[in-house]
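A.B. asks: below is the sequence, then the predicted model.
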Amino acid sequence: MKFLYINFVIVLCLTAITTFALGIFVLIRNRHNIVNKTFAFYSFSISWWGFSEIWGIACDKRLTALIWTRIEQVGVFFIPTFFIHFVISLLNIKDKKWLLRVAYSFSIIFAILCSTPLMIADSVPKRTVPYVKHFGTSGSAYYFAILFFVILSIYGLSKLYNAYRLSYGARKNQLKYLFWSSLSGYVGGAANFLLVYGINVPILNPFGTYALPIYIAIVAYAISRYRLMDVNVALTRTGIFVAVYTLILGFPFVIAVRAKGWLIDKFGASWWMLPLGLMGVLATVGPFIYIYLQRRAEDRLLREQRRYQESLKQASIGMTRIRNLRKLLDLITHIVTKTVRISYAAIYLYSEEADEYVLQISRDKDRTPISKLSSDNPLLAWLTLKREPLIYEEVKRQMEDTNDAAYRQLEENMRFLTASVIIPSFLEDRFMGFFVLGDKISGQIYTVDDLNVFQVLASQAALAIENAQFYEEAKEMQEQIAQAEKMATIGTMADGLSHQINNRFYALSLITGDTIDTIKTTDTSKCTPEVKEMIEQINHALQRIQSNVTQGGEVVRGLLKYSRKGDAGFEALDLNSLLDNTLEMVQYKVKLSEINIIRDFPKNIPKIKGNMAQLEEAFFNFVDNAYDAIVERRRLLKEKGYRGKITISARPKNNNLEIIVEDNGMGIKFANHEKIFTPFFTTKATSRKGTGLGLYVIRRIITDMHKGKIAFESEYKAGTRFILELPIAQ
């Protein structure tokens, strides 16, 4: 019987110490969180009961035992109230303030009654419970207190069960363990009520009370590492801890009790040194035994998790060898979804052109993913600032606890993205994009180790993505160079081509002219009306051909003039004439009818010293680029009543003429300002629209060939202005 008594004391000590320590730990983790606070007070009430009961059953004097028993019951009647408050907070159950007021009111009333015989009448030895010295006897109000305890406990457990049944994924897994551990804890602990009435169930007492420290440790671990720690691991660690330290504390006690007589015979008055020394030895080797058993157990529990984590690490090393961006992204999502077995995965990368994070690839045929997120989205601002993963359940909990608008926006965005976890991808300080991960198919949660591996994968992926993007950009640049060389070749062939084309036009002109003259001199008076009508139609068609031949010849002459090098030297040029020649050529590429060309300078503006062909090329590019920017703004912004406008203004400035070419197009993003004059850099959508040589050539014409200056100002979604300074002709 002494062994059972010692065992009962040990389990009460474990319960009291662990619940108090874990309550403090959880409260320190986040003392402002209502879930943490209610759980901490819930733990303290259990600890109160544990410490008080130790003193109550250990007292030899009846009156002292009665006092401690009454003190003990104060903690008992606050246990269900704090439990129900904890459950309501954890599950975010609304409109239950009345229930909490009622529960706290009854707890306070019962706590007051504990000091009177109405609750605990007396404390007497329990013959039916031989390992307990004294135990309280119930008063008339004790039945109501037990009923109160049972009703609240069942209500809280039922709410946990319903939430578990209706939840899914990782949340379901967490609530499942929370419910079953709570149920076992209450069944094991509630058996102590039976002792008040002298009823001892050997299965439950004293061993059933061991369910309390195990239960409370699982719950504490789940809350302190919410959504980051699988409670399977917490259960295993706690079980090993309890088993090891029960052995360390219990075995020397058993020897001391069972072999006391033998020890006294052998060692005399120093008999106690053997069990004390044994306890010291076990306490020394205990941590090593615990660590060894914990590692062996976790190796078995986390074998699958560590296998896929190792696979992800190996995959991250080989990603940098893939040059095709599409294949790379497809490989990343394939590895993640198949290896980790998650329901959904997507990758978003930053697009400089659109200033958005655009969906590149997703894996889940049953979902319609969000195609893009603006760069000023609060979710992206948070990821850029924090540089760490976002877990949906944590964000949701923070939103519910703090009612912070920032967390509300994060939760809304993550819900729209169907994201359980978002992993940001950084290359040094540059935010490349982010991975969206859904729930694990197994229903398990993402552990700390999972998130660490995903962060390594995201970092390696950022490097691999940059390599693939650089390779594709280099490939595109080679194509642009080839296209530029092709255009240059066509320019050098312009003389010969124009001669051949003009010969054809000349022949067509002669043929159509001779045919028209023949028709005019032919007598058609005797022809039938049908024949006369046919001859008129032929004559009209020939006149149209002759007109188009003339226009074609003008186009060829203009192309020839534009393509020839400015070998004629520098001369005094009139700005109006320069613009007329430019618009004459540019009309064949852009639709001038869609925009307004405004010349904002006087007719007698000073002439500039320059090469006509070279400056025509420069202004051709200005108008062409402005037109493209206007079309892009019209397409993207869809502003009502918007019409494109290009304004050319000029004024003398010292010995130069300052010319400003301004448009109200899409403008240039600030990030691209430094690159605007770089060869082969283009903001246009395709290589068919631009090779990225236009502004580079313009700067060379203005600064190198004409010894002038060029600068630009641009505001995205507002427009661009180029400021030129060219020498005035003396």
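C.D. replies: That came through, no problem.
A.B. asks: avg pLDDT for the strand or helix carrying A462?
C.D. replies: Using DSSP states H and E, A462 maps to helix 448-492. Here helix 448-492 scores 70 as its mean pLDDT.
A.B. asks: what of stretch 709-716?
C.D. replies: Here the average pLDDT along stretch 709-716 is 90.
A.B. asks: just checking the distance from that stretch to the centre of its chain.
C.D. replies: 35 Å (CA atoms, centre = their mean, to the nearest Å).
A.B. asks: wait, what's in contact with R651?
C.D. replies: Neighbouring residues of R651 by CB atoms under 8 Å, 6 or more residues apart in numbering: 601, 605, 657-658. No exception for glycine: its C-beta is placed from N, CA and C like everyone else's.
A.B. asks: give me the element it is part of.
C.D. replies: Per DSSP H and E: strand 644-653 holds R651.
A.B. asks: circling back: show me which of the contacts of R651 is closest to Q469.
C.D. replies: Relative to Q469, the closest of those is E658; by CB to CB it sits at 39.7 Å.
A.B. asks: how many neighbours does the closest one have?
C.D. replies: 16 (other CB atoms under 10 Å).
A.B. asks: same check, this time on the one 4 residues further on
C.D. replies: E662 is flanked by 20 other residues according to other CB under 10 Å.
A.B. asks: mind telling me what element it is part of?
C.D. replies: strand 656-663.
A.B. asks: give the partner strands of that strand in its sheet and their orientations.
C.D. replies: Strand 656-663 has its sheet partners listed here by DSSP bridges as strand 644-653 (antiparallel), strand 719-727 (antiparallel).
A.B. asks: buried residues in the last one?
C.D. replies: Across strand 719-727, burial judged by 16 or more other CB atoms under 10 Å covers 719-727.
A.B. asks: stretch 368-388 too?
C.D. replies: For stretch 368-388, by 16+ other CB under 10 Å, it's 369-370, 373, 375, 377, 379-380, 382-383.
A.B. asks: so how far is A111 from I605?
C.D. replies: The gap separating I605 from A111 is 96 Å, by CB to CB, to the nearest Å.
A.B. asks: and stretch 541-549, how far out from the chain middle?
C.D. replies: Relative to its chain's centre, stretch 541-549 lies at 64 Å (CA atoms, centre = their mean).
A.B. asks: can you check stretch 575-594 too?
C.D. replies: Using CA atoms, centre = their mean, the distance from the centre of stretch 575-594 to the centre of the chain it belongs to is 49 Å.
A.B. asks: one more: stretch 254-274?
C.D. replies: On CA atoms, centre = their mean, the centre of stretch 254-274 falls 65 Å from that of its chain.
A.B. asks: just the buried residues of stretch 368-388 now: which is nearest E639?
C.D. replies: Checking the buried residues of stretch 368-388 one by one against E639 (CB to CB), the nearest turns out to be S375, at 21.0 Å.
A.B. asks: got the contact list for that closest one?
C.D. replies: Applying CB under 8 Å, 6+ apart to S375 gives the contacts 350, 355-357.
A.B. asks: need the max-distance pair from the residues you listed.
C.D. replies: Farthest apart among the contacts of S375 - using CB to CB - are D355 and Y357, which lie 9.3 Å from each other.
A.B. asks: between those two, what contacts are shared?
C.D. replies: 374-375.
A.B. asks: between these two, tell me which one has more neighbours.
C.D. replies: Neighbours were tallied for D355 and for Y357 using other CB under 10 Å; the higher tally belongs to Y357 (24 against 15).
A.B. asks: hang on, isn't the more buried one packed against Y348?
C.D. replies: Yes: here Y357 reaches Y348: they are 4.4 Å apart, a contact under CB atoms under 8 Å.
A.B. asks: which residues are in contact with both of these two?
C.D. replies: 372-373, 433-434.
A.B. asks: neighbours of W48, how many?
C.D. replies: Neighbourhood size, W48 [other CB under 10 Å]: 21.
A.B. asks: pull the contacting residues for it.
C.D. replies: Counting by CB under 8 Å, 6+ apart, W48 touches 72, 74-75, 78.
A.B. asks: quick check: it vs N581, distance?
C.D. replies: 96 Å.
A.B. asks: next one: G438
C.D. replies: Taken as CB to CB, the span from G438 to N581 is 61 Å.
A.B. asks: cool, and T512?
C.D. replies: Distance of T512 to N581, given as CB to CB: 29 Å.
A.B. asks: one more: K159?
C.D. replies: Distance from K159 to N581, by CB to CB: 83 Å.
A.B. asks: returning to what we had before: any chance of a markdown table for the strands paired with strand 656-663, columns mean pLDDT and distance to N502?
C.D. replies: A markdown table is the format used below for these (pLDDT from 0 to 100; distance: least, CB to CB, whole Å):
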| stretch | mean pLDDT | distance to N502 |
| --- | --- | --- |
| strand 644-653 | 93 | 32 |
| strand 719-727 | 93 | 34 |
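A.B. asks: mind putting the ones you listed into JSON lines with distance to F670?
C.D. replies: Listed next are the strands paired with strand 656-663 as JSON lines, based on distance: least, CB to CB, whole Å:
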{"stretch": "strand 644-653", "distance to F670": "22"}
{"stretch": "strand 719-727", "distance to F670": "12"}
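A.B. asks: looking at those strands, which is nearest to L328?
C.D. replies: Of the strands paired with strand 656-663, nearest to L328 by CB to CB is strand 719-727, at 35.0 Å.
A.B. asks: centre of the chain versus the closest one, how much separation?
C.D. replies: The answer for strand 719-727 is 43 Å, by CA atoms, centre = their mean.
A.B. asks: can I get that strand in CSV? Just the C-alpha atoms.
C.D. replies: Taking C-alpha atoms only, strand 719-727 is exported to CSV below (Å, rounded to 0.1, in the frame of the first residue of the first chain):
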residue,chain,number,x,y,z
GLY,A,719,3.9,60.2,-69.5
THR,A,720,7.4,60.9,-70.6
ARG,A,721,9.4,64.0,-71.7
PHE,A,722,12.7,64.1,-73.4
ILE,A,723,14.8,67.3,-73.1
LEU,A,724,17.3,67.9,-75.9
GLU,A,725,19.9,70.7,-76.4
LEU,A,726,21.2,71.1,-79.9
PRO,A,727,23.6,73.9,-81.0
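A.B. asks: what lies in contact with it?
C.D. replies: 608-610, 615, 622, 626, 629, 653, 655-665, 667-668, 702, 706-714.
A.B. asks: can we see that at 7 Å?
C.D. replies: 608-610, 622, 629, 653, 655-665, 667-668, 702, 706-714 (CB atoms under 7 Å, 6 or more residues apart in numbering).
A.B. asks: pick out the residue closest to the middle of the chain.
C.D. replies: The residue lying closest to the centre of the chain (CA atoms, centre = their mean) is I422, at 3.4 Å.
A.B. asks: so for Q500, what pLDDT did the model give?
C.D. replies: 66.
A.B. asks: what do you get for Y292?
C.D. replies: 73.
A.B. asks: which residues does T384 contact?
C.D. replies: T384 sits in contact with F431, where contact means CB under 7 Å, 6+ apart.
A.B. asks: I am finished for the moment; much appreciated.
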